[in-house]
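need the 3D shape of this:
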Amino acid sequence: MNFASSRLRDPRLPGFLQVFFAATAFIILFKELITRLEIPLGLVDDLVVAMVLGWTVLRATVKRRVSRFDFILIGTAVYLVLISLRGLQPNVWRQIGQVVIHMKFFCLYIFARNLSAGAFRRLWAERIFFALFIFSVIGFVANLILQDTFLAMFNVKFVETSRGGLARIVGFQLKPNDIAFLFSLFYAYIVSKNINRWSFLKSILVSLIFLLLIFLNGSRTALAIFPLVAFLICAERRSARLPIIFFCLAAALPLFASNALDYAITETTKNIGELSRIDQSQYIRAIMVYFGAMLMYQYFPIGAGAATFGSVLSDNSPVYAQLHLLYLPFFEKMEGVYDSNLATVMGEFGFVGVLLFYGILVTIYRDLKRNGDGSAFQNRYWKIVLIFAAFLSITNPFFQYSYNGLIFAIALVIRPHSEKKT
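Predicted coordinates for the structure are as follows:
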């Protein structure tokens with residue numbers, strides 16, 4: 001499947017679908033801002049997913065030629081619908097709609113992959129990523145300077161963004177984790193691209209800048225990118241291994257002395273401990289993981305079906321009544337129940353679903369490797385991005401969340417090269 005036209009007069013100029021993708025990227029990444037400005041563009045991401053699925057099925061039907069990735073996409077969607085029909089959600093249209101929503105990341109990856117085919121189009125995709133980053137930095141700085149005034153401008157309540165009594169920076173995304181994940185992926189890309197051109201000191205300086213951005217944002221999950229990038233640097237530049245170890249030790253000293261780190265460690269330990277006293281827990285992620293695992297065991301091996309647990313269309317699901325969860329305010333207001341994508345996959349699609357969703361991440365890696373330049377460096381970059389994606393999905397929405405799906409899709413298709421320092 002190739003959305004990009006090969007008959008452009010000038011291959012350096014973007015086609016209609018490249019421009020459409022750029023517009024879609026801005027709409028998805030700043031959807032909260034657009035929604036609060038009352039601009040009716042909120043369904044664009046769903047239209048893109050439906051378009052990719054429809055195009056894939058049409059191509060397979062008309063041309064009778066299905067690529068491996070097309071087959072996996074179609075096969076996964078059909079399988080999820082079929083097992084959901086015997087599930088606990090009585091509304092068939094909700095089941096089908098939720099399956100389409102679950103396919104968001106995979107569809108956005110295919111869309112980005114085909115539109116970035118060729119060196120000129122990859123460069124164009126990189127420019128989109130850079131533009132998204134710059135606009136996010138502007139929002140970050142505006143939020144940092146204006147503080148409460150910025151939140152009031154977009155009707156964002158302080159309680160929505162507070163952690164440890166401090167306001168978290170939300171930027172134009174209006175969600176702290178969203179802007180943090182974009183910064184994390186851009187950091188991984190920009191360091192990877194310049195890994196053999198920058199001096200060790202410059203790499204450390206850039207790392208400190210991004211660490212400060214994410215620290216001010218307050219996202220703990222986003223910090224996982226730093227050890228992954230450190231591994232990439234050590235694997236590519238052996239001379240940097242010892243300096244990185246000393247730098248990490250030196251950086252750890254002031255962090256251990258700070259109240260912010262104490263708070264992060266205390267909160268993380270507390271959240272993990274919630275799993276051992278789930279009946280009294282008020283930590284929604286722990287609740288979702290616990291009951292997702294329970295459903296995976298109870299409905300082994302294929303789960304309770306789409307739109308039954310932890311998904312966008314699962315409101316009023318009979319599963320919540322079965323698990324005696326309706327009394328909790330989280331499920332009355334459907335707040336935070338989507339936060340663990342792993343819990344959703346476990347509950348709705350069981351053991352087979354976990355193998356399927358995370359197995360497709362491995363398939364994406366193989367697809368990238370097959371179409372890459374064959375370098376060990378590029379393969380390692382893709383690995384750390386996909387490992388970060390898998391880690392993020394434990395405590396955040398991923399497969400069914402357009403924002404995360406899109407930024408990871410772009411980060412994967414722009415393919416940094418390990419250029420030697422001149």
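
pLDDT weak spots in this structure?
Residues of the chain that meet the criterion pLDDT under 70 lie in 1-17, 37-44, 56, 59-60, 62-66, 117-122, 158-166, 236-282, 374, 416-422.

around residue 21, how many other residues sit close by?
Residue 21 has 25 neighbouring residues, counting by other CB atoms under 10 Å. All C-beta spots, glycine's among them, are computed from the backbone N, C-alpha and C.

for stretch 390-403, the distance to its chain's centre please.
5 Å (CA atoms, centre = their mean, to the nearest Å).

stretch 83-94 too?
On CA atoms, centre = their mean, the centre of stretch 83-94 falls 27 Å from that of its chain.

pull out the buried positions in that stretch.
Across stretch 83-94, burial judged by 16 or more other CB atoms under 10 Å covers 83, 84, 87, 88, 89, 94.

same check on stretch 347-364?
Buried, per 16+ other CB under 10 Å, within stretch 347-364: 347-354, 356-358, 360-361, 364.

ok so, going back, which of the buried residues of stretch 83-94 sit farthest apart?
Across the buried residues of stretch 83-94, the longest distance by CB to CB is 14.7 Å; it joins 83 and 94.

and the strands in this structure?
162-163, 166-167 (DSSP state E).

sorry, back to before: make a markdown table from the buried residues of stretch 83-94 and add distance to residue 312 to it.
Putting the buried residues of stretch 83-94 into a markdown table (distance: CB to CB, whole Å) gives the following:
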| residue | distance to residue 312 |
| --- | --- |
| 83 | 19 |
| 84 | 14 |
| 87 | 16 |
| 88 | 17 |
| 89 | 13 |
| 94 | 10 |
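
mind checking which of the residues you listed are in helices?
Here DSSP state H is the test, and those give 83, 84, 94 as lying in helices.

helices or strands next to the longest helix seen in the chain in the packing?
Ranked by residue count and defined by DSSP H, the top helix of the chain is helix 341-371. Packing contacts for helix 341-371, counted by 3 or more CB pairs under 8 Å, 6 or more residues apart in numbering; DSSP states H and E, involve helix 68-85, helix 104-115, helix 284-298, helix 376-395.

packing partners for the second one?
Same thing as helix 104-115. helix 16-29, helix 44-62, helix 68-85, helix 119-146, helix 341-371, helix 402-413.

dump it to CSV, keeping only the CA atoms.
Taking C-alpha atoms only, helix 104-115 is exported to CSV below (Å, rounded to 0.1, in the frame of the first residue of the first chain):
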residue,chain,number,x,y,z
LYS,A,104,-5.2,3.6,15.8
PHE,A,105,-1.5,3.3,16.4
PHE,A,106,-1.1,0.6,13.8
CYS,A,107,-3.1,2.6,11.2
LEU,A,108,-1.2,5.8,12.0
TYR,A,109,2.1,4.0,11.6
ILE,A,110,1.1,2.6,8.2
PHE,A,111,-0.1,6.1,7.1
ALA,A,112,3.2,7.7,8.2
ARG,A,113,5.3,4.9,6.8
ASN,A,114,3.8,5.1,3.3
LEU,A,115,3.9,8.9,3.2
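
quick check: angle from it to helix 341-371?
20 degrees (axes from the mean of the first three to the mean of the last three CA atoms, to 10 degrees).

repeat for the first one
For helix 68-85 against helix 341-371, the angle between stretch directions is 160 degrees (the same axes, to 10 degrees).

can you tell me what sits against helix 68-85?
Applying CB atoms under 8 Å, 6 or more residues apart in numbering, the contact partners of helix 68-85 are 1, 53, 56-57, 59-60, 66, 92, 95-96, 98-100, 102-103, 106-107, 110, 302-303, 305-307, 348-349, 352-353, 356, 360, 363, 367.
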